[in-house]
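S.K.: Sequence first, predicted model second:
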Amino acid sequence: MSGVCAYIGLGSNLDTPIAQVERALAALAMLPESRLVVASSLYRSDPLGPAGQPDYINAVAELHTRLAPLDLLDALQAQELAQRRVRLEHWGPRTLDLDLLLYGAMRIDLPRLQVPHPQMLRRNFVLLPLVEIAPGLQLPDGSPIHRHLAVLGEGGIQRL
């Protein structure tokens, strides 16, 4: 199947987070007009945001898709809802967070969607699994992803 190569960040820290991420990966494999190519290992990371949250389980998946960017975003948000995601607090605990990190070499700046994901270069829990599955990946600006990880380091993350 041809299509655009998209990278999806997955995270959970509520209601059996490992199972939440595994269920989301299975759902990504079933998306219409899409093929799940590879998923990273699972990683445990310190929580961002409000204190007192459980640790997160994170991963990144590579998806080849014919879905348009907003259609893919809608599918990701539908999966979050199916797994009982409730948005109560910015960077608060959640059953599932699915972020569209990259969509081919496109830059997208819409009210609902910014690609590359605007926070991804500040999050080693995104960059480490992304480098695991796509070590030679270059961002739309031409910079190699592994260079951004080298700047952040791997502190606070444990591969499971």
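M.R.: All right, it came through fine.
S.K.: And for this structure, the residue most distant from the center?
M.R.: Distance from the C-alpha centroid of the chain, by CA atoms, centre = their mean, peaks at G52 (22.7 Å).
S.K.: contacts for stretch 139-154?
M.R.: 102, 105-107, 116, 121-124, 127-128, 130-131, 134-138 (CB atoms under 8 Å, 6 or more residues apart in numbering). C-beta coordinates here come from the backbone N, C-alpha and C atoms, glycine included.
S.K.: Just the residues you listed: which are in strands?
M.R.: L102 (DSSP state E).
S.K.: Please, where are all the helices along this protein?
M.R.: 17-29, 69-82, 124-133, 145-152 (DSSP state H).
S.K.: Could you dump these into JSON lines with distance to E62, mean pLDDT and mean neighbour count added?
M.R.: As requested, these are exported to JSON lines (distance: least, CB to CB, whole Å; pLDDT from 0 to 100; neighbours: other CB atoms under 10 Å):
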{"stretch": "helix 17-29", "distance to E62": "10", "mean pLDDT": "96", "mean neighbour count": "18"}
{"stretch": "helix 69-82", "distance to E62": "13", "mean pLDDT": "95", "mean neighbour count": "17"}
{"stretch": "helix 124-133", "distance to E62": "6", "mean pLDDT": "96", "mean neighbour count": "23"}
{"stretch": "helix 145-152", "distance to E62": "12", "mean pLDDT": "92", "mean neighbour count": "16"}
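S.K.: Looking at those helices, which is nearest to R159?
M.R.: Judged by CB to CB, the one of the helices of the chain that comes nearest to R159 is helix 124-133, at 7.9 Å.
S.K.: start to end distance for stretch 41-48?
M.R.: One end of stretch 41-48 to the other measures 20 Å (CA to CA, to the nearest Å).
S.K.: low pLDDT regions in this protein?
M.R.: Residue ranges of the chain with pLDDT under 70: 1, 85-92.
S.K.: Give me the most central residue, this protein.
M.R.: Geometric middle of the chain (CA atoms, centre = their mean) lands on G9, at 0.5 Å.
S.K.: The closest residue to it other than its chain neighbours: what's it in contact with?
M.R.: Closest residue to G9 apart from its sequence neighbours, by CB to CB, 6 or more residues apart in numbering: D99 at 4.1 Å. D99 sits next to 8-9, 11, 76, 117, 120, 126 when contact means CB under 8 Å, 6+ apart.
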